[in-house]
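# Fold the following.
(one chain, ligands or ions: 1)
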Amino acid sequence: MKYSIGIDLGGTDIKAGLLAEDGTLSCRTIISTHVNEGARAIARRIAGVIKQVISVAEKTDPPIVSSQQQIIGIGLGSPGLIIAESGIVHFSPNFPGWYDIPLLDYVNEELQEIDIPLYIDNDVNVMVLGELHHGAGVGFDNIVGLTIGTGVGGGVVIDKKVYHGSWNTAGELGHTIVKPNGRTCGCGNRGCLEAYAGARHIIERTQQQIVAGRKTCMNPDQLTPKKIADAASAGDELAREIFSETGKLIGVALTSIAHILNPQIAVIGGGISAAGEELLFQHIRKEFNKRVMDIPSKMQIVPAKLGNDAGLVGAAMLAYTHKRKV
Ligand SMILES: [Zn+2]
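Reported below is the predicted structural model:
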């Protein structure tokens with residue numbers, strides 16, 4: 001059996017795990033990131049969790065791996081703009097002051113005694129890769145993914161490989177424009193999908209309606225997407241409308257994406273997607289089916305399957321799909 005190690009680098013935690021070829025995750029470990037300690041310190045911590053995963057895999061009784069040669073690679077998923085081929089974090093909003101950090105080189109310098117190739121990619125690209133190989137996208141080659149949480153991230157996988165574009169910014173599906181003169185997005189543009197479907201924007205849209213006099217059982221000062229979803233499930237008209245409108249706009253964005261890329265499947269994850277079939281997904285599909293051309297309409301729209309494990313699984317899959325080696 002072949003194995004690879006996945007690392008999910010977040011602003012709060014660094015998670016790691018060992019992925020078997022059959023998709024089984026083991027030897028999970030998690031430590032705090034301590035973003036303010038800087039890139040070198042974080043590279044040391046990443047190297048530390050890698051060593052820990054290998055040590056657990058070798059020392060478990062019976063051992064999961066008998067030699068390091070069974071581990072074909074170590075993949076790292078990181079937020080931000082990542083230059084995968086050269087192992088560089090160009091910019092990452094979660095890591096203050098990081099600009100063109102050669103993160104893989106830093107980690108490699110801390111792994112002198114370990115000779116396993118390292119790979120890196122953007123965390124959402126990695127999530128889509130995870131879903132493709134071991135989640136909702138199994139059996140497909142061309143897949144797009146959306147993670148709808150605080151922001152709306154996207155990733156594109158073509159022929160089972162992440163598509164990076166000319167300058168590594170491909171897949172910004174959250175900034176697909178769904179209303180040309182609409183709400184202002186964090187990117188500075190107007191009418192992006194994120195400006196409607198991102199958590200803060202869902203809350204703001206709801207608050208605006210309440211201030212405008214809409215009847216609701218919700219308290220405008222204590223809103224969260226979860227509370228809005230709960231109110232919607234309990235039959236609150238405004239809450240239901242907020243989610244159906246959000247679903248429609250996701251459907252509008254997916255229509256353009258389907259026309260441009262003709263993927264087989266769109267996988268949707270992230271906290272907002274937990275609203276589920278009745279509140280969200282049926283509205284996405286309805287709008288998509290209303291607008292899409294005949295042949296690309298075959299694209300399936302499904303919820304992500306791997307949940308919080310998608311980052312680890314996908315990062316570990318970089319070892320099978322990416323070229324970069326250090
Ligand atoms: Zn935007």
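# Now do the strands in this protein.
Remark: strands assigned in the chain by DSSP state E are 3-9, 13-20, 25-32, 71-78, 81-83, 88-91, 99-101, 118-122, 143-148, 152-158, 161-162, 265-269, 300-303.
# Present those as TSV; the columns should include mean neighbour count.
Just so you know, the C-beta spots here come from the backbone N, C-alpha and C atoms, and that holds for glycine as well. Converted to TSV, the strands of the chain look like this (neighbours: other C-beta atoms under 10 Å):
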stretch	mean neighbour count
strand 3-9	27
strand 13-20	22
strand 25-32	15
strand 71-78	26
strand 81-83	20
strand 88-91	18
strand 99-101	15
strand 118-122	28
strand 143-148	28
strand 152-158	25
strand 161-162	19
strand 265-269	26
strand 300-303	16
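# Check the protein and tell me which residue is nearest its centre.
Nearest to the mean C-alpha position of the chain, counting by C-alpha atoms, centre = their mean, stands V124 at 3.0 Å.
# Show me what I30 is bridged to.
K15 (DSSP bridges).
# still on that earlier bit, quick one: which of the strands of the chain is nearest E194?
Across the strands of the chain, E194 has its closest neighbour in strand 152-158 (4.1 Å, C-beta to C-beta).
# Tell me the predicted confidence for the most far-flung residue of the chain relative to its centre.
For the chain, the residue at maximal distance from the C-alpha centroid (C-alpha atoms, centre = their mean) is G213, at 36.4 Å. On pLDDT, G213 comes in at 96.
# Need phi/psi at it.
The phi/psi pair for G213 (degrees, to the nearest 10) reads phi 110, psi 10.
# How about the contacts made by it?
By C-beta atoms under 8 Å, 6 or more residues apart in numbering, no residues touch G213.
# picking up where we left off before, could you redo the strands of the chain as CSV and give each row distance to the ion and mean pLDDT?
Shown next, in CSV, are these (distance: least, C-beta to the ion, whole Å; pLDDT from 0 to 100):
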stretch, distance to the ion, mean pLDDT
strand 3-9, 24, 97
strand 13-20, 27, 97
strand 25-32, 30, 96
strand 71-78, 21, 97
strand 81-83, 15, 95
strand 88-91, 16, 95
strand 99-101, 21, 96
strand 118-122, 16, 96
strand 143-148, 14, 97
strand 152-158, 8, 96
strand 161-162, 21, 93
strand 265-269, 18, 97
strand 300-303, 21, 98
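# would CSV of those strands with distance to E58 be doable?
Converted to CSV, the strands of the chain look like this (distance: least, C-beta to C-beta, whole Å):
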stretch, distance to E58
strand 3-9, 11
strand 13-20, 10
strand 25-32, 10
strand 71-78, 10
strand 81-83, 30
strand 88-91, 30
strand 99-101, 30
strand 118-122, 19
strand 143-148, 34
strand 152-158, 32
strand 161-162, 30
strand 265-269, 33
strand 300-303, 37
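# Distance check, the residue farthest from the centre of the chain against the ion.
As judged by C-beta to the ion, to the nearest Å, G213 and the ion stand 29 Å apart.
# again with I64
Going from I64 to the ion by C-beta to the ion gives 43 Å.
# tally of neighbours for that residue?
Applying other C-beta atoms under 10 Å, we find 20 residues neighbouring I64.
# Now it. Nearest residue, chain neighbours left out?
The shortest distance from I64 to any residue other than its chain neighbours is 4.4 Å, reached at A57 (C-beta to C-beta, 6 or more residues apart in numbering).
# quick one: pLDDT of the one you found?
96.
# Repeat that for the one 3 residues further on.
pLDDT for T60: 92.
# which ones are touching it?
Neighbour list for T60: C27 [criterion: C-beta under 8 Å, 6+ apart].
# Can you mark which positions in stretch 36-46 are buried?
Of the residues in stretch 36-46, those buried by neighbour count under the rule 16 or more other C-beta atoms under 10 Å are 39, 42-43, 45-46.
# avg pLDDT for that stretch?
On average, the pLDDT along stretch 36-46 is 96.
# Just the helices from the stretch 201-326 of the chain, written as ranges.
With helices called from DSSP state H, counting those that start in this stretch, the stretch 201-326 of the chain shows them at 225-233, 237-261, 276, 282-291, 310-321.
# so which of those helices gets nearest H90?
For H90, the closest of the helices of the stretch 201-326 of the chain is helix 310-321, at 17.3 Å, according to C-beta to C-beta.
# neighbours of the residue of the stretch 201-326 of the chain found nearest the ion, just the number please.
Proximity of the stretch 201-326 of the chain to the ion (C-beta to the ion) peaks at H201, 10.5 Å away. Applying other C-beta under 10 Å, we find 23 other residues in the vicinity of H201.
# Need the nearest residue in space to it, chain neighbours excluded.
Excluding the flanking residues, the one nearest H201 by C-beta to C-beta, 6+ apart is A195, at 5.4 Å.
# What is the burial count for the one you found?
Residues lying near A195 (other C-beta under 10 Å) number 26.
# What's the per-residue pLDDT of it here?
Residue-level confidence at A195 comes out at 97, pLDDT.
# what's the distance between it and P93?
17 Å (C-beta to C-beta, to the nearest Å).
# With L18 instead?
29 Å.
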